[in-house]
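Asks: Using only what follows, build the 3D model:
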Amino acid sequence: MSKKTPKKTINKKAPKNEVNTVKLTDVHFSVINAALETYYRLKSGQISIALDIAYEYKLNYDQVHAIETMIKLIALPKLAEKGSHYGYNAPEIGDAKIAFEIKKTFEEVLAVKRNGGYYGSTVDFHGPLKCSDEPLPEVVNFKNYIDHKFTDEQSAVINDYYHLREFNKMWDYVDSLTSNLSIGDKREIIPSFNGVIMRIHKPRKMKNII
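Replies: Sure thing, here's the model as predicted:
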């Protein structure tokens, strides 16, 4: 068998790097994620995990081990020698880095939706970790925050503190009103004469807070 140059990318023929808008259902996300993770696992040398995802554990251990050994000997000889796999940031996996980023983006959206708009502590809530040069994908209608609107009376007090730049007093007052609200990675006050909003980024249910 002749040696082949490893394929570095699957999008060489793309004419230019345009941003496209598509509509996908949550089921589409789930199917795409399975395909993306299978591709990423194959490129990184985690053949057994890729087979488990694609065939839902229909292959037994001996079959999976034989297939993984054969693929590594042919396509990933360095990994066959070491008995290891490449990490998500390894240059050897090529555009599987992009697949990993897309998968993690969709995974976060699905996890938050399943949890009623709130974040949790498991890895599916973590979102993408940047590892390629390609911009991260964006799910346009996904909000990783919730907004709490104050009453007109409360808003008037907060607006006064805000415009006087008495931020410590403002937050003391806000905290006295919102002790029962969820917390998140960050809280932000958005002043307005039509009603002040407190935006809670990556909110968590109280029971998810450790």
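Asks: mind listing what His65 touches?
Replies: When contacts are counted by CB atoms under 8 Å, 6 or more residues apart in numbering, His65 is found next to Ser48. Using the backbone N, CA and C atoms, a C-beta is placed for each residue, glycine as well.
Asks: quick one: Lys143 and Ser44, what's the gap?
Replies: Here the criterion is CB to CB, to the nearest Å. By it, Lys143 lies 32 Å from Ser44.
Asks: Which one's more surrounded, those two?
Replies: The residue with more neighbours, out of Lys143 and Ser44 and counting by other CB atoms under 10 Å, is Ser44; that gives 23 against 11.
Asks: Can you list the buried residues in stretch 115-133?
Replies: Under the neighbour-count criterion of 16 or more other CB atoms under 10 Å, stretch 115-133 has Asn115, Tyr118, Tyr119, Asp124, Phe125, Gly127, Pro128, Cys131, Ser132 buried.
Asks: Go ahead and name everything in contact with it.
Replies: Outside of stretch 115-133, the residues within contact range by CB under 8 Å, 6+ apart are 88-89, 95, 97-98, 100-102, 104-105, 107-108, 110-112, 136, 143-144, 146, 182, 184, 202-205, 208, 210.
Asks: Kindly recompute the last result at 6 Å.
Replies: The set of residues that contact stretch 115-133 without belonging to it, under CB atoms under 6 Å, 6 or more residues apart in numbering, is 88-89, 97-98, 101, 104-105, 107-108, 111, 136, 202-205, 208.
Asks: In helices only, show me these.
Replies: Secondary structure assignment (DSSP state H) places Lys97, Ile98, Glu101, Lys104, Thr105, Glu107, Glu108, Ala111 from those within helices.
Asks: and which of the residues you listed is nearest to Ile189?
Replies: Each of the ones in helices among the contacts of stretch 115-133 was checked against Ile189 using CB to CB; the closest is Glu108, at 25.3 Å.
Asks: Could you report the distance from the closest one to Ile102?
Replies: 11 Å.
Asks: Show me where the protein has its helices.
Replies: Using DSSP H, the helices found in the chain span residues 26-44, 47-55, 61-75, 77-82, 96-114, 152-163, 167-177.
Asks: Could you give me the buried positions within the fifth one?
Replies: So that's helix 96-114. Of all the residues in helix 96-114, those buried under the rule 16+ other CB under 10 Å are 96-112.
Asks: Who are the packing partners of it?
Replies: With contacts defined as 3 or more CB pairs under 6 Å, 6 or more residues apart in numbering; DSSP states H and E, helix 96-114 has these neighbours: helix 26-44.
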